[in-house]
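1. below is the sequence, then the predicted model.
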Amino acid sequence: MKRQILICILLLKNCYTFAQPPNNKVQQDTIIVKYLKNGAYKYHYILQGWDDNINLALKQDSTIAMLWQQKAIPYWKTKKYSLAVACYDKAVLYDREKYLGRRGYLKCIFQRDYTSAISDMELAEKEFGYGYQNDHSYSFYISLCYLQLNEFDKAERILQNDFNKTTKEHGENWIHFLDLFYMGIIQYELRNYDKAIFFFDRSLNTYTNFSDAKYYKGLCLLQKGNITDAESIMREAKANFGQGYTINEDDSAYEPYPYKVNWSMAKWTIPNYKE
């Protein structure tokens with residue numbers, strides 16, 4: 001009888017042991033320090049030492065969300081989006097609150113999978129509340145996705161609701177110049193040229209030499225038949241771009257944001273343009 005009781009105790013102990021996570025918080029922090037802070041971070045993310053250290057860490061504990069997020073970085077930067085998203089799926093699995101909205105942002109700006117990006121950010125807002133990525137709200141990116149899907153009315157409604165929320169809580173001056181720029185783009189696409197100019201001017205009030213806002217304002221003036229002013233502001237825009245005044249978001253060095261002016265093509269839309 002004692003032997004049977006002992007066997008039962010041992011079996012229960014083994015079951016309990018297997019049910020526990022492979023590492024507790026202290027052990028996970030130790031792994032992060034060893035393989036990230038004192039390992040991968042000693043290398044540029046393009047160098048193989050970055051991935052080698054993260055792989056060693058994942059062998060110790062594959063449930064640490066941050067490791068999967070860090071493993072994805074080289075894939076995002078080198079446009080290996082399927083691999084990057086696969087890593088982020090793991091990060092979201094182990095820390096949904098921290099990485100769900102971030103995955104949506106990356107799908108929007110990098111992968112350009114706009115439908116999936118909308119789904120991620122809508123779920124993040126539903127589950128965890130109003131949130132931001134890189135100084136812009138989920139609503140901003142959702143609106144941007146709809147803009148890229150040519151659903152202009154929906155893009156306008158979502159961004160306007162976000163403007164209303166921001167204005168109510170912080171005042172009109174709190175609205176980011178890039179948010180205003182994209183509302184101008186939406187109005188341009190809706191062929192509301194006066195409203196588009198209004199929003200481009202508001203954007204330019206904050207970012208005076210914003211070349212992209214000036215260029216699209218010029219396009220609106222062309223549509224209104226104001227050739228002289230259109231030519232003038234578009235030439236200003238080209239000069240400002242040469243000085244570096246364009247969309248300079250954190251990740252814009254890796255991926256051009258939607259509607260960022262490609263001057264190798266756009267210059268031909270300037271009236272009376274000459275090299």
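-> Great, that's in hand.
2. tell me the mean pLDDT over the helix or strand harbouring K214?
-> Secondary structure assigned from DSSP states H and E places K214 in helix 211-223. Mean pLDDT, helix 211-223: 98.
3. again, but for stretch 174-193
-> On average, stretch 174-193 scores 98.
4. over to stretch 233-250?
-> Taken as a whole, stretch 233-250 carries a mean pLDDT of 96.
5. and that stretch, how far apart are its ends?
-> 27 Å (CA to CA, to the nearest Å).
6. repeat for stretch 206-217
-> First residue to last in stretch 206-217 (CA to CA) measures 15 Å.
7. what sits up against that stretch?
-> 177, 180-181, 184-185, 188, 196-197, 200-201, 203-204, 233-234, 236-238, 240-241, 243, 245-247, 259-261, 266 (CB atoms under 8 Å, 6 or more residues apart in numbering). No exception for glycine: its C-beta is placed from N, CA and C like everyone else's.
8. buried residues in the helix holding K214?
-> Using 16 or more other CB atoms under 10 Å as the test for burial, helix 211-223 gives 211-222.
9. which among those residues gets closest to Y254?
-> D212 (17.6 Å; CB to CB).
10. list the buried residues for stretch 72-90?
-> Within stretch 72-90, judged by 16+ other CB under 10 Å, the buried ones are 72-77, 81, 84-85, 87-88, 90.
11. residues contacting it, please?
-> By CB under 8 Å, 6+ apart, stretch 72-90 touches 45-46, 50-51, 62, 65, 68-69, 71, 91, 99, 102-103, 106-107, 110-111, 254.
12. quick one: mean pLDDT for that stretch?
-> 97.
13. before we move on, back to that, quick check, nearest of the buried residues of helix 211-223 to Q133?
-> D212 (20.5 Å).
14. among the contacts of stretch 72-90, which ones are buried?
-> Among these, those classed as buried by neighbour count (16+ other CB under 10 Å) are 45, 50-51, 65, 68-69, 71, 91, 99, 102-103, 106-107, 110-111.
15. ok, back up a step: let's have the buried residues of helix 211-223 in TSV, adding distance to K165.
-> Formatted as TSV, those follow (distance: CB to CB, whole Å):
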residue	distance to K165
S211	29
D212	25
A213	23
K214	28
Y215	29
Y216	25
K217	26
G218	31
L219	29
C220	27
L221	31
L222	34
